[in-house]
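*Asks:* Kindly return the folded structure for what I paste below:
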Amino acid sequence: MPQNRQILTDELLERIHSRAAGYDRDNAFFTEDFDELVEAGYLKAMVPTEFGGGGLSLEELTREQMRLAAAAPATALAVNMHHIWVGVAKTVHDRGDDSVDFVLEEAGAGEVFAFGISERGNDLVLFGSTTQARPDGEGGYSFHGTKIFTSLSPAWTRLGTFGMDTTSEDAPRSVYGFITRAGGGFEIKDDWDAMGQRASRSCTTVLDGAHAPAERIARRLLPGPNPDPFIFGIFANFEILLASVYTGIAQRALDVAVETVHKRTSLKNDGAPYAHDPDIRWRIADAGIALDGIYPQIASIATDVDTLADHGPMWFAKLSSVKVRATETAKDVVEKAIRVSGGGSYFNRSELSRLYRDVLAGLFHPSDDESAHSTMANALLGPVPPSA
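*Replies:* Residues are numbered from 1 along each chain as shown. This is a model prediction of the structure:
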């Protein structure tokens, strides 16, 4: 049975929540949140105890990330990217492969990992890259290319990234490696001024010779879909933890809406609270019913990763499905919360206004709606023959 260990205290979450609006307004990195989360050991939450961490399972971390996202969505999303790499290394380790244990060791020692994967215009995501991975002749690589949406830009000390080796004898190969901030060879652009998730400071990172030596190269793989546990680990932790963040946003929006409709009164109904209006009650209930179905799906699939369940060729379809269902449901729940809360939610000072801007970011993370449907169709029906 899943345990319910927690690292985040209610008092810490209250302080984090109190700062969220200011970070959003100022488009500022969540420095105070970050320092408190580090002090609380939260960045080591999923690092196994033998590596100096908190030993939480993926399923336990999904619940912690929901709580953090309800307090401060941008803080949760940015920290998510660090947790993803820790989760990848744990997923690989749990399956008897120690090739990326260095990630667990370094995270346990306090290093901060960022996710340098996304590229402008690259809809292949993990199946191809516009970044060049140039071999150094000793098993290492230097990376040359531009990565976008690099959360934790002010704070990371390690960047997990990948590019294409097009020059080796066995090319092409997708190369995954980890560079260090101290090693240089990159530039972080001061270009993050987005609609939402502003405190994440997900700036563009230009790689211009950033080097990962042989011992920091995690994989060299043929491009395209791959059953390698490292690739599985990326998909599993990315999709599940993203689903958790956006579910937390939706829960907070629903809580705010419930509180609001108890306070709003209706002249049409002799000053009765909106919470008594049947149309309002139906819309609140509809949001609650939709959100209620997401929690067990996230818990179930996260537990399956933790317990090494085997879904065979259905794994990637299940993972993309939980992300799409969670983010689409979250967006709908936030919209319903705004509808019942009145015009005051349209002002920037409203928390619901900020939650709406933040939840929209869920549309842009892979897997998108189209990709998820394609993945599920291929899993159920098989791929379309080239001649079809």
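*Asks:* Could I get the full set of strands for the stretch 251-388 of the chain?
*Replies:* Under the criterion DSSP state E, counting those that start in this stretch, strands of the stretch 251-388 of the chain are mapped to 265-266, 272-273.
*Asks:* Sticking with the nearest residue to residue 315 once chain neighbours are set aside, tell me its helix or strand.
*Replies:* Of all residues not flanking residue 315 in the chain, residue 232 sits nearest, at 6.8 Å (C-beta to C-beta, 6 or more residues apart in numbering). Placement of C-beta: from N, CA and C, glycine included. Remark: residue 232 resides in helix 229-263, with elements defined by DSSP states H and E.
*Asks:* Now do that helix: which elements does it pack against?
*Replies:* helix 58-71, helix 73-94, strand 217-221, strand 272-273, helix 278-292, helix 294-306, helix 315-341, helix 351-359 (3 or more C-beta pairs under 8 Å, 6 or more residues apart in numbering; DSSP states H and E).
*Asks:* mind checking how far residue 330 is from residue 360?
*Replies:* Residue 330 sits 10 Å away from residue 360 when distances are taken as C-beta to C-beta, to the nearest Å.
*Asks:* which of these two has more neighbours?
*Replies:* Neighbour comparison, residue 330 and residue 360: the larger count goes to residue 330, with 29 against 17 (by other C-beta atoms under 10 Å).
*Asks:* Residue 149: what secondary structure?
*Replies:* strand (DSSP: H, G, I helix; E, B strand; the rest coil).
*Asks:* check contacts around it.
*Replies:* Applying C-beta atoms under 8 Å, 6 or more residues apart in numbering, we find residue 149 in contact with 118, 202.
*Asks:* what's the spacing between it and residue 316?
*Replies:* For residue 149 relative to residue 316 (C-beta to C-beta), the value is 21 Å.
*Asks:* Residue 337 too?
*Replies:* For residue 337, the distance to residue 316 - C-beta to C-beta - is 32 Å.
*Asks:* Give the residue spans of the stretch 251-388 of the chain that score low on pLDDT.
*Replies:* Along the stretch 251-388 of the chain, the parts satisfying pLDDT under 70 run over 388.
*Asks:* re earlier: and of the helices and strands packed on helix 229-263, who's closest to residue 154?
*Replies:* helix 73-94 (9.8 Å; C-beta to C-beta).
*Asks:* Let me know the next secondary structure element after the closest one.
*Replies:* helix 101-108.
*Asks:* same for that next one, what does it pack against?
*Replies:* helix 73-94, strand 113-116, strand 158-165.
*Asks:* Would you reformat those as JSON lines and include mean pLDDT, mean neighbour count and distance to residue 38?
*Replies:* Formatted as JSON lines, the helices and strands packed on helix 101-108 follow (pLDDT from 0 to 100; neighbours: other C-beta atoms under 10 Å; distance: least, C-beta to C-beta, whole Å):
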{"stretch": "helix 73-94", "mean pLDDT": "98", "mean neighbour count": "27", "distance to residue 38": "10"}
{"stretch": "strand 113-116", "mean pLDDT": "98", "mean neighbour count": "26", "distance to residue 38": "13"}
{"stretch": "strand 158-165", "mean pLDDT": "98", "mean neighbour count": "24", "distance to residue 38": "14"}
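*Asks:* Tell me which of the ones you listed lies nearest to residue 264.
*Replies:* Taking the helices and strands packed on helix 101-108 one by one with C-beta to C-beta, helix 73-94 is closest: 24.2 Å.
*Asks:* counting contacts, what elements does the closest one pack onto?
*Replies:* Checking 3+ C-beta pairs under 8 Å, 6+ apart, helix 73-94 ends up next to helix 10-26, helix 31-39, helix 58-71, helix 101-108, strand 113-116, strand 158-165, helix 229-263, helix 351-359.
*Asks:* picking that back up, I'd like the helices and strands packed on helix 229-263 as a markdown table, with distance to residue 153 appended.
*Replies:* What follows is the helices and strands packed on helix 229-263, written out as a markdown table (distance: least, C-beta to C-beta, whole Å):
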| stretch | distance to residue 153 |
| --- | --- |
| helix 58-71 | 19 |
| helix 73-94 | 9 |
| strand 217-221 | 22 |
| strand 272-273 | 45 |
| helix 278-292 | 31 |
| helix 294-306 | 28 |
| helix 315-341 | 23 |
| helix 351-359 | 18 |
